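A.B. asks: Predicted model and sequence follow; I will ask about them next.
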Amino acid sequence: MAAIDGRVPDGAREITTGQANRVWYVDGPVPYVLKHYSDPNRAANEAAALALLTLHGGPAPELLGAGPGGSPAWTAQTAVHAEPVPADQLLHELAGPFAAVHRITGPHAGRLAGARQYRTWHHYLHGRLDTYTTAAPDLAPAAAAVRRQLDTTDLDIEPRLLHHDLQPGHLVRPAAGGSLLLDWELAAFGDPLSDLARLAVRLDLTDPTRVLQVAHQPTPNAVRRFQMYWRIHQFADAALSTDPVVRHRGRARLGGEL
């Protein structure tokens, strides 16, 4: 097998589906997926997340190589031949992978690499709101209400590994073995309930607390934290999404707060 160096080998088949990165399937004795990133910080973060998951035997592709400082930045991951878990089975099948991922603890809050790291989850969330209101100053008054809630909510949690980009298509079921989670570019250390809140936003649920069934009898404090995270993820869409439909939906969901 030729050394993996981030270059696209002859015969590689492009399987790009998104807009930010280019992705190829590389056949061979050990097939792999090669990813080129438009944002090197995301490459560094995904490489760090996959390395950590590989170390812990987590439900994710194995990292075979990475060049976050390359031009372009890249990662190589084991090829996964699997179909996405159907949307109507997603919440049921997430329980196992979630438990495995969220058992992995971290030394700080925030992204694993390529971005500022925070001493506490509380500081990280304030930092995210700073980012959103800098991008969309008109959101500042509504964000102030969430900041007040942040400061009155018990967030004394041990940071755990989060996928932080959960949506249909990212959970797949191989023919052999357990389900796997793909696309770890936005992975972070924080509160596992934030993963569920992100998923509720992506599923555009009328009742977002439906996803809490994965958490198994959440406490009142957990429900309060989940609802706050759901609003913060809506702020992210409203301020940063490049898709006008998603941006409008985020603002609509925030509703009377704007």
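C.D. replies: Noted; the coordinates are in hand.

A.B. asks: For the rest of this, base every contact and every neighbour count on C-alpha atoms.
C.D. replies: Fine.

A.B. asks: Show me what the longest helix along the chain is packed against.
C.D. replies: As assigned by DSSP state H, the longest helix anywhere in the chain is helix 220-240. For helix 220-240, the elements it packs on are helix 121-135, helix 140-151, helix 192-203, helix 244-254, judged by 3 or more C-alpha pairs under 8 Å, 6 or more residues apart in numbering; DSSP states H and E.

A.B. asks: Give the partner strands of the helix or strand of the chain with the lowest mean pLDDT in its sheet and their orientations.
C.D. replies: Every helix and strand of the chain was ranked by mean pLDDT, DSSP states H and E. The lowest is strand 82-84, at a mean of 90. When pairing is defined by DSSP bridges, strand 82-84 lines up against strand 171-174 (antiparallel).

A.B. asks: Using PDB, list the CA coordinates for the strand it pairs with.
C.D. replies: C-alpha atoms of strand 171-174 as PDB (Å, rounded to 0.1, in the frame of the first residue of the first chain):
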ATOM      1  CA  LEU A 171     -25.200   7.900  12.100                       C
ATOM      2  CA  VAL A 172     -24.600   4.800   9.900                       C
ATOM      3  CA  ARG A 173     -25.100   1.100  10.400                       C
ATOM      4  CA  PRO A 174     -22.400  -1.100   8.800                       C
END
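
A.B. asks: quick one: buried residues of it?
C.D. replies: Across strand 171-174, burial judged by 16 or more other C-alpha atoms under 10 Å covers 171, 172, 173.

A.B. asks: residues of stretch 234-242 that come out buried?
C.D. replies: So, applying 16+ other C-alpha under 10 Å, buried residues of stretch 234-242: 234, 235, 236, 237, 238, 239, 240.

A.B. asks: that older thread, quick check: mean pLDDT across the longest helix of the chain?
C.D. replies: Per-region confidence: helix 220-240 scores 95 on mean pLDDT.

A.B. asks: what does it rub up against?
C.D. replies: 129, 132-133, 135-136, 139, 143, 146, 149-150, 153-154, 193-194, 196-198, 200-201, 208-209, 246-251, 253-254 (C-alpha atoms under 8 Å, 6 or more residues apart in numbering).

A.B. asks: any weak-confidence spans in the stretch 1-150 of the chain?
C.D. replies: 1-2 (pLDDT under 70).

A.B. asks: Strands along that one, start to end?
C.D. replies: 13-14, 21-26, 32-37, 63-67, 73-78, 82-84, 110-111 (DSSP state E, counting those that start in this stretch).

A.B. asks: name the helices or strands packed onto the first one?
C.D. replies: Contacting strand 13-14 under the criterion 3+ C-alpha pairs under 8 Å, 6+ apart are the following elements: strand 21-26.

A.B. asks: So which bits of the strand it packs on are buried?
C.D. replies: Buried residues in strand 21-26 (16+ other C-alpha under 10 Å): 22, 23, 24, 25, 26.

A.B. asks: mind checking the end-to-end distance for stretch 23-32?
C.D. replies: 11 Å (C-alpha to C-alpha, to the nearest Å).

A.B. asks: Give me the distance between that stretch and the centre of its chain.
C.D. replies: 24 Å (C-alpha atoms, centre = their mean, to the nearest Å).

A.B. asks: Give me the contacts around stretch 149-167.
C.D. replies: 101-109, 121-122, 183-184, 186-192, 194-196, 198-199, 202-203, 221, 224-225, 228.

A.B. asks: Would you show me how to pick out the buried ones of those residues in ChimeraX?
C.D. replies: In ChimeraX, this line selects whichever of these come out buried by 16+ other C-alpha under 10 Å:
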select :101,102,104,106,108,109,121,122,183,184,186,187,188,189,190,191,192,194,195,196,198,199,202,225,228
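
A.B. asks: Compile the buried residues of stretch 234-242 into a markdown table and extend it with columns for distance to residue 61.
C.D. replies: Output for those, formatted as a markdown table (distance: C-alpha to C-alpha, whole Å):
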| residue | distance to residue 61 |
| --- | --- |
| 234 | 29 |
| 235 | 30 |
| 236 | 27 |
| 237 | 27 |
| 238 | 31 |
| 239 | 31 |
| 240 | 28 |
